[in-house]
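Participant: Okay, predicted coordinates and the sequence, questions at the end:
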Amino acid sequence: MSLWMALALVQAVALPGYLLTRALGLDGEGALRTALRSFAFTLVVNHFLALGLVVAGAHGRPAWLVIFALELAVGGVLLRRRPEPAGPRPRVTAQFAEFVEGGPTHRPWLLAFAFGCLAYLASSVPQAFSHVFSEWDAVLSWNRWALSWADGLLPVWVAHYPQLLPLNGSILYVLQGEPLQFLHHGVLALFEVGVGLVLLDLGLSTRRDEPILAIPLLTLLLGTGFGQWLGAGYADIPVAFYGLLALSPLLAGPFGDDARRDRARLVACTLGAIGAALTKQPGLYVAGLLPGFVWLALAGRPMRERIVTAGAVGAVTLAAILPWYGYAELRVLEGFEPTEMPRLDQVIEADGFVARAVAALAIWKAALPAGLLYPILLLVLASLARPPIRWVTLGVSLPFPVLWSYVASYDLRNSALALPFVSLSAAYGATWLASSIGSRIPTHLRRLALAAATAGLAVWTFHVLVDADAVRRAHDEQLAEVGWPPLNERILAFEAREGFSGQILSNYLVGRNLPPLRDRFFEDRSVGGDQFWPFRSAKAFRRILDDPANDIRFILVQRPIYSQGIKRMLLKSIRSGEYEVVFETTYSFLLRVPALQADEALEESTQ
């Protein structure tokens, strides 16, 4: 089983895309970018392979073993004879050194802050690899479709939803030999940290602060607006990953005189756009705009070259995505599949465009921390003063949220595609404002203000992202497993059902770990707070029970009781009905000491 899982994971996240990256000469721009492209392109290649096998009726383990063997053979050939990389091959460590050295003094702190945010985005990955799908759409749609593909069947009730993620999930199920969900669920969680890593790679390659600064902003938007869906297995963050991956080569700098390297960048853009469009419908937005963005990026080239190149990119993208969407539309037209239009019409036919925009803003305003929405909008607008990002702001960061509010604002998740672009635009806007205002402030005050702002943003981001209630719940759940969990469960159940009053006299030493009862377990302060001491002596036990100041209302006993005197005393009180047995297990029991006894003891002490 473990061997099949390892093979499935290699096929699902790395091998096909890595071979394609090397074959196209796209592996010459650093290990981080190569890893990101290998992961992204793997899912695109697997999509077409799995789709073809299902149509041919051969989507099974034998066929995938043949494909895996062929990939290994191709890999062996590429190791000996492969195209030279289209460009230099910088090391990741060298990229970090070049980014920090010779730059502003705040860059090490900015990188440290960004890495902390990346760690937060990656925190859901280990848990995702050990959990099954549990959210509504992930269970009833995305994973259901993956199970149908794994059975060699075309899924039903898919409307126009593309199938890149379910098809890749089916490959995992087929290679494992059974639908174990851990790997499929875990792979989908990689997209969350992947979005941040694309920004990190962009910042290192361009040696600009803005993509690095965008990582905390993206983390803030994801953690607050999408926190409940992180690691859930939805397609919204993957489509944002592919969208950013498609446009990041255009953001990496102007096209130069190296025709081969320029072609490699355009291929990467095209594959990213195809991945976005085949992940979820919002990806069609990036795929549709990509030819225009390529045309803009080729400014300065002959008009004929710009038109031909942009047209070729659009034609290849369309050829890759049209078969699925054409098939899906045909199924809808013939009545075999439902359509999303009734749901969209509920939004489109609402109370006018302005009312829908206000309602959409209210959704994001409620999701974000108080007062954060409008500063982000201000920063996005300020980015229009920065030419490197202006076309992204005008093409995606501003219009896509507007389109979402007009068409698909029934669900906040549908706006996910815009988040990395909004973060990037806001980061450029922030640096423009800082440079515009900062030029009038003395250097030492600028550095002090920057340090204070960075520290304050880090603390505030931590405060916003870390759910104190969730931390407390996780802490308390683990404490409930300390000691003897079955006994802890009985104690906590009684606390929830009736509640303890007064103090608990007990020899169960870990009882004080139980969060609701930290102050309920009696400690004998006369002997240095020894909880166990009263159970060593019948005389001490009786003295503590009879002292009204101790307010003993319950006795919790963990067997065995070594004092025969205490054992006889308790048995006598139980048989006479003086003490009520609340519950009893093989190794413990809980007794209720009536309040009347404490009142009588109080009267005796005053006589």
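Facilitator: Looks like it came in fine.
Participant: For this protein, which segments count as strands?
Facilitator: With DSSP state E as the criterion, the chain has strands at 503-506, 552-558, 580-585, 588-592.
Participant: Make TSV from those and add mean neighbour count, mean pLDDT and distance to Ala430 to it.
Facilitator: (Each C-beta comes from the backbone N, C-alpha and C, glycine too.) Formatted as TSV, the strands of the chain follow (neighbours: other C-beta atoms under 10 Å; pLDDT from 0 to 100; distance: least, C-beta to C-beta, whole Å):
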stretch	mean neighbour count	mean pLDDT	distance to Ala430
strand 503-506	22	89	55
strand 552-558	22	89	58
strand 580-585	13	89	60
strand 588-592	20	90	59
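Participant: Which stretch among these approaches Glu489 most closely?
Facilitator: For the strands of the chain, proximity to Glu489 was assessed by C-beta to C-beta; strand 580-585 is nearest, at 10.4 Å.
Participant: Give me the distance between the closest one and the centre of its chain.
Facilitator: A distance of 45 Å separates the centroid of the chain from that of strand 580-585, by C-alpha atoms, centre = their mean, to the nearest Å.
Participant: same for that strand, what does it pack against?
Facilitator: For strand 580-585, the packing partners by 3 or more C-beta pairs under 8 Å, 6 or more residues apart in numbering; DSSP states H and E come out as helix 485-497, strand 588-592.
Participant: quick one, it and strand 552-558 angle?
Facilitator: 20 degrees (axes from the mean of the first three to the mean of the last three C-alpha atoms, to 10 degrees).
Participant: Using CSV, list the CA coordinates for strand 580-585.
Facilitator: What follows is strand 580-585 as a C-alpha-only set of coordinates in CSV (Å, rounded to 0.1, in the frame of the first residue of the first chain):
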residue,chain,number,x,y,z
GLU,A,580,-24.8,9.3,46.3
VAL,A,581,-22.9,7.4,43.6
VAL,A,582,-22.9,9.7,40.5
PHE,A,583,-21.1,7.2,38.3
GLU,A,584,-18.8,4.2,38.8
THR,A,585,-16.3,2.5,36.5
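Participant: The closest residue to Leu197 other than its chain neighbours and Leu26: what is the separation?
Facilitator: Leaving out its chain neighbours, the residue that sits closest to Leu197 by C-beta to C-beta, 6 or more residues apart in numbering is Leu36, at 6.0 Å. To Leu26, Leu36 is 11 Å away according to C-beta to C-beta, to the nearest Å.
Participant: Kindly report the same for Arg260.
Facilitator: 11 Å.
Participant: Check Ala328 too.
Facilitator: Distance, Ala328 to Leu26, by C-beta to C-beta: 30 Å.
Participant: Look at these two and report which has more neighbours.
Facilitator: Between Ala328 and Leu26, counted using other C-beta atoms under 10 Å, the more crowded position is Leu26 (26 against 18).
Participant: Next, the more buried one: phi, psi?
Facilitator: Backbone geometry at Leu26, expressed as degrees, to the nearest 10, gives phi -90, psi 10.
Participant: How about Leu278?
Facilitator: Dihedral angles (degrees, to the nearest 10) for Leu278: phi -90, psi 0.
Participant: Distance check, it against Gln163.
Facilitator: Per C-beta to C-beta, Leu278 is found 7 Å from Gln163.
Participant: Need the overlap of contacts for the two.
Facilitator: By C-beta atoms under 8 Å, 6 or more residues apart in numbering, Leu278 and Gln163 have these common neighbours: His47, Trp324.
Participant: Look at Trp597 and report its pLDDT.
Facilitator: Heads up, residue 597 is Gln, not Trp. At Gln597, the pLDDT value in this model is 47.
Participant: Phe400 now?
Facilitator: pLDDT at Phe400 comes out at 93.
Participant: going forward, begin numbering at 363 instead of 1
Facilitator: Noted, 363 is the first residue going forward, which turns the last one into Phe762.
Participant: Next one: the residue positioned nearest the centre of the chain from Ile917, what distance?
Facilitator: In the chain, the centroid-proximal residue (C-alpha atoms, centre = their mean) is Leu592; its distance is 3.3 Å. The gap separating Leu592 from Ile917 is 46 Å, by C-beta to C-beta.
Participant: Now do the same contact list for the residue nearest to the centre of the chain.
Facilitator: Leu483, Ser486, Ala551, Glu554, Leu584, Gly585, Ile599.
Participant: Val518 contacts Glu699, correct?
Facilitator: Yes. Val518 lies in contact with Glu699 (C-beta atoms under 8 Å); the separation is 7.3 Å.
Participant: quick one, which of these two is more surrounded?
Facilitator: Neighbours per residue, other C-beta under 10 Å: of Val518 and Glu699, the larger number sits with Glu699, 19 against 12.
Participant: in terms of contact, does the more buried one touch Val520 like I think?
Facilitator: Yes. Between Glu699 and Val520 there is a contact under C-beta under 8 Å: 6.5 Å.
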